[in-house]
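Colleague: Here's my sequence, what's the structure:
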Amino acid sequence: MKKMSPEVLNELTLFDFSDMASMTEWSSINDVVMGGRSQGGVRWSDAGRMVFFGSVSFENNGGFSSIRSSNGEYDLSGYKGILITAQGDGKRYKFTVRTDASHDGVSYQQGFFSQANKLTEYFLPFQEFIPSYHGRRLLNHPPLDPLAIKRFGFIISDHQEGPFSLEIANISAVASTLYDGGKKT
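Modeller: Residues are numbered from 1 along each chain as shown. So this is what the prediction gives:
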């Protein structure tokens, strides 16, 4: 994950949460599907953001909470990565991307540490997304194909028990930036 300069060129807004209606296609999936006790979901804040919130519990072999968008068709082949504008709680989150429409399958993930109480931009290059299945890294799986993206999401796991809150202002695809990893483009 690389923090971006505010100067971004060729940006495609995928989700702008300044309107409450933009949240309707997001839903939660928590460890209760495997018997766990974690809770999580989304709500809209007065600041015009989608809030991913809840509490992670290790009880009954639990340990994660997630949200995901509904399926769609996203050809992001002309873009370098995802730009997320969010305010967090200092915890580590993962942004997930799926290239198939199934509810259970391979996801491509990239983690970032949220900044507590500060709206921050996080740039996640496509080439740094890691294929994963049920939290396990897949070593012999093909890399993420930005042409085939169907769904996006967020997950909190990695042994982070307790309450969490991530306020997401928007999610965009970015084709180029003035500074990409410290190098001018």
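
Colleague: Q115 and A86, how far apart?
Modeller: Distance from Q115 to A86, counting by Cβ to Cβ, to the nearest Å: 8 Å. Every C-beta, even on glycine, is put in place using the N, C-alpha and C of the backbone.

Colleague: Please compare those two by neighbour count and tell me which comes out ahead.
Modeller: The neighbour count for Q115 versus A86, taken as other Cβ atoms under 10 Å, is higher for A86 (26 against 16).

Colleague: What separation do you get for that one and D31?
Modeller: Distance of A86 to D31, computed by Cβ to Cβ: 22 Å.

Colleague: now N71
Modeller: Distance from N71 to D31, counting by Cβ to Cβ: 22 Å.

Colleague: Likewise for D104?
Modeller: From D104 across to D31, the span is 14 Å (Cβ to Cβ).

Colleague: So between the two, which is more surrounded?
Modeller: In terms of neighbours (other Cβ under 10 Å), D31 is the more surrounded of D104 and D31; the figures are 23 against 10.

Colleague: low-confidence ranges in this protein?
Modeller: Where the chain drops to pLDDT under 70, the residues are 1-9, 177-185.

Colleague: the longest strand in this protein is where?
Modeller: The single longest strand within the chain, with elements called by DSSP state E, is strand 162-177.

Colleague: who does that strand pair up with?
Modeller: Take DSSP bridges as the rule and strand 162-177 pairs in its sheet with strand 8-16 (antiparallel), strand 50-56 (antiparallel), strand 81-87 (antiparallel).

Colleague: helices or strands up against the helix or strand encompassing G40?
Modeller: Taking DSSP states H and E as the definition, one finds G40 inside strand 39-44. Under the contact definition 3 or more Cβ pairs under 8 Å, 6 or more residues apart in numbering; DSSP states H and E, strand 39-44 sits against strand 26-30, strand 50-56, strand 65-69.

Colleague: What are the contacting residues of the last one?
Modeller: Yep, that's strand 65-69 we're talking about. Here strand 65-69 makes contact (Cβ atoms under 8 Å, 6 or more residues apart in numbering) with 15, 25-31, 38-42, 52, 54-56, 96, 98, 151-157, 164.

Colleague: tell me the angle of that strand relative to strand 162-177?
Modeller: 40 degrees (axes from the mean of the first three to the mean of the last three Cα atoms, to 10 degrees).

Colleague: for the second one, same thing?
Modeller: Taking the same axes, to 10 degrees, one finds that strand 50-56 is oriented at 140 degrees with respect to strand 162-177.

Colleague: okay, strand 50-56 in CSV with CA atoms only?
Modeller: Taking Å, rounded to 0.1, in the frame of the first residue of the first chain, the C-alpha atoms of strand 50-56 are listed here in CSV:
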residue,chain,number,x,y,z
MET,A,50,-20.2,4.5,4.4
VAL,A,51,-19.1,3.2,7.8
PHE,A,52,-17.9,-0.4,8.1
PHE,A,53,-18.3,-1.1,11.8
GLY,A,54,-18.7,-3.9,14.3
SER,A,55,-16.8,-6.1,16.7
VAL,A,56,-14.5,-9.0,16.0
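
Colleague: Alright, that wraps it up for me.
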